[in-house]
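>>> Could you work out the structure for the sequence below:
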Amino acid sequence: MRVLIIGGSGRTGKLAIEELLSRGHTVTALVRTPTTLKAKPGLTIVQGTPLKRIDVTNAFKIHSEAPEVVLVTLSAPRENDSPFAKVISPRRMMADSNANVTTVMKENGSCKIVVMQALGVGNSWGNLNWAMQLLMKKSNMIYQYDDHNLVAQEVSDAGVSYVFVRPARLEEGAPKPVKVNLEDGRGVGMMGSITRESVARWLVTAVENNTWDGQAPVLTN
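Residues are numbered from 1 along each chain as shown. Here you go, the predicted model:
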């Protein structure tokens, strides 16, 4: 399968690329700084930003056949790795990027996008622990959640097939069995979490089949 990844230079994105390649897929990665990724067989690295539609178009046309699926692991850049750090990107960075991607998808006959988000986005907000809700509202994290909600609106309105993947709190560690909650995260406890490698593997599974198309599954270990 031909897959375009947006956000492939991030921690989860890099793991997803490795997983895609290990399963025999052909991967194109659109990244601002090509040196953040290592050249590998089956991987084409294209310099650019999803905030520019022409860059997305170039990534689609780098090969004779357009990508069949787009995987987005994009997150809003912060001043440092702390989830509470100041967001240093435009408020609609993720929403505008996904709007560009879906526009180019339709122009090139690609029909499916898999977008990594987070527990608390969309209808899962009501099932986020109240203490976490308060923490989000009182910190810089709310700006990213606002942007994620705009992504859901942009992609849903675009008329393409989608999967919004909403993992619980991310942590490092080896892959573990994944619990898939299709009821907006109902029952996920305050300490619910999942490893990045688990998420990366599950994202690729969502790319490969249509089981979760049109849904927003919440993931935990």
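>>> Report the helix or strand with the lowest average pLDDT across the protein.
Lowest by mean pLDDT, DSSP states H and E among the helices and strands of the chain is helix 130-137, with a mean of 78.
>>> Which residues in it does the neighbour count mark as buried?
Within helix 130-137, the residues that qualify as buried are Met132, Met136, counting by 16 or more other C-beta atoms under 10 Å. Where you see a C-beta, it was placed from the backbone N, CA and C, and this is true even at glycine.
>>> and if you look at stretch 214-221?
Neighbour-count burial for stretch 214-221 flags Ala216, Pro217, Val218, Leu219, Thr220, Asn221 (criterion: 16+ other C-beta under 10 Å).
>>> Stretch 96-110 now?
Across stretch 96-110, burial judged by 16+ other C-beta under 10 Å covers Asp96, Ser97, Asn98, Ala99, Asn100, Val101, Thr102, Thr103, Val104, Met105, Asn108, Ser110.
>>> Turn those into TSV, including secondary structure.
Formatted as TSV, the buried residues of stretch 96-110 follow (DSSP: H, G, I helix; E, B strand; the rest coil):
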residue	secondary structure
Asp96	helix
Ser97	helix
Asn98	helix
Ala99	helix
Asn100	helix
Val101	helix
Thr102	helix
Thr103	helix
Val104	helix
Met105	helix
Asn108	helix
Ser110	coil
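>>> Out of those residues, the closest to Val69 would be?
Ser110 (7.1 Å; C-beta to C-beta).
>>> who touches that closest one in this structure?
Counting by C-beta atoms under 8 Å, 6 or more residues apart in numbering, Ser110 makes contact with Leu4, Phe60, Ala66, Pro67, Glu68, Val69, Val70, Val160.
>>> ok, now Met136?
Listed by C-beta under 8 Å, 6+ apart, the contact set of Met136 reads Gly120, Leu128, Ile142, Tyr145.
>>> now Leu4
Contacts for Leu4 (C-beta under 8 Å, 6+ apart) come out as Val27, Thr28, Ala29, Leu30, Ala59, Phe60, Pro67, Val69, Val70, Leu71, Ser110.
>>> And the residues you listed, which is closest to Ile45?
Here the nearest of the contacts of Leu4 to Ile45, counting by C-beta to C-beta, is Ala29; it sits at 5.3 Å.
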